[in-house]
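A.B. asks: A structural model of the following input is requested.
(2 chains)
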Amino acid sequence: QKEVEQDPGPLSVPEGAIVSLNCTYSNSAFQYFMWYRQYSRKGPELLMYTYSSGNKEDGRFTAQVDKSSKYISLFIRDSQPSDSATYLCAIEYGAGNNRKLIWGLGTSLAVNP
Amino acid sequence: DTGVSQDPRHKITKRGQNVTFRCDPISEHNRLYWYRQTLGQGPEFLTYFQNEAQLEKSRLLSDRFSAERPKGSFSTLEIQRTEQGDSAMYLCASSLDRGLSGANVLTFGAGSRLTVL
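C.D. replies: The predicted structure follows:
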C-alpha cells in the first residue's frame, strides 16, 4: 500500500460544478496536509495547507482533513475553466532536517465551459 | 524577486551525452530541492540542500546524477551519460526552513524538460 493514494482521474465537470478531490493516507504521524495545483508544463504551486482535522476555506477552495479516517479532500465551488489543472496532495511529517514530503499521483481536472 | 528560475526550460540530447540544469531559488530561501516528474506521476524526490550542504540524496538516484549548491545560492543538477529513461521534467523548489514549527512550503520553478533521444 502506498503511503498516499490519490485517484488520477481524469475528472471532467461542467463550469459552475462543485468539484471534490480526495486523498487517503496510511501514516497517522503525518502532520501537514497540502494541496498543490499544477498547470500543464509548469511547476506545482501551493493552494493551501492544513494541520489539524476540520475545514479550511480560501475563496472558492475548501480543504478538509479527517484524521480519524486518514482522508483529505479539496473542494472547489463554482468551478471555472481556469481551474483546469492537475491537483496534487502532499503530506508532510517529521521535523527539522528529517522532514519528509509524500506526494500523491495528482488528479487531472478539466472544467468545461 | 521573481520566484524560482530554472534553465534551460527544455533540453533535447542524445543518449550518452551529459546535461546540466541550473536553478536560481528565491534569494532568502535556505533550502533547495530537486525533484523529477514524469507524466501522470507526482514529483519524485531527488535531493535537497540546506544552504550549501547536501543533506539528503534519494537512494533511487544513480551515480550518474550529481547536484551542487556552491555558496548556498544557485544549484546545478548534472546527469552524465544520459539514458532514455532519464527523460522527464526536472523540478527545482526552494523553501525557508522554519525550524521545528510550521509547514515546509515549497515554491517550485517551471521545470526543465529533458528529452533523451
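
A.B. asks: State the next helix or strand along the chain beyond the lowest-mean-pLDDT helix or strand in chain B.
C.D. replies: In chain B, the helix or strand scored least confidently by mean pLDDT, DSSP states H and E is strand B:53-57, which has a mean of 92. From strand B:53-57 onward toward the C-terminus, using DSSP states H and E, the following helix or strand is strand B:65-68.

A.B. asks: And that next one, what's buried?
C.D. replies: B:Phe65, B:Ala67 (16 or more other CB atoms under 10 Å in any protein chain shown). (Glycine included, C-beta is placed from N, CA and C.)

A.B. asks: packing partners for the least confident helix or strand of chain B?
C.D. replies: Packing partners of strand B:53-57 (3 or more CB pairs under 8 Å, 6 or more residues apart in numbering or on different chains; DSSP states H and E): strand B:44-50, strand B:65-68.

A.B. asks: Would you list the strands that the next helix or strand after the shortest one pairs with, along with their directions?
C.D. replies: The one in question is strand B:65-68. Once the chain leaves strand B:65-68, the next helix or strand it forms, by DSSP H and E, is strand B:75-79. With DSSP bridges as the test, strand B:75-79 is paired with strand B:19-24 (antiparallel), strand B:65-68 (antiparallel).

A.B. asks: returning to what we had before: figure out how far the least confident helix or strand of chain B is from the centre of its chain.
C.D. replies: Between the centre of strand B:53-57 and the centre of its chain there are 12 Å (CA atoms, centre = their mean, to the nearest Å).

A.B. asks: re the thing from before, so for A:Thr62, which of the helices and strands packed on strand B:53-57 sits nearest?
C.D. replies: With CB to CB as the criterion, A:Thr62 lies closest to strand B:44-50 of these, at 28.3 Å.
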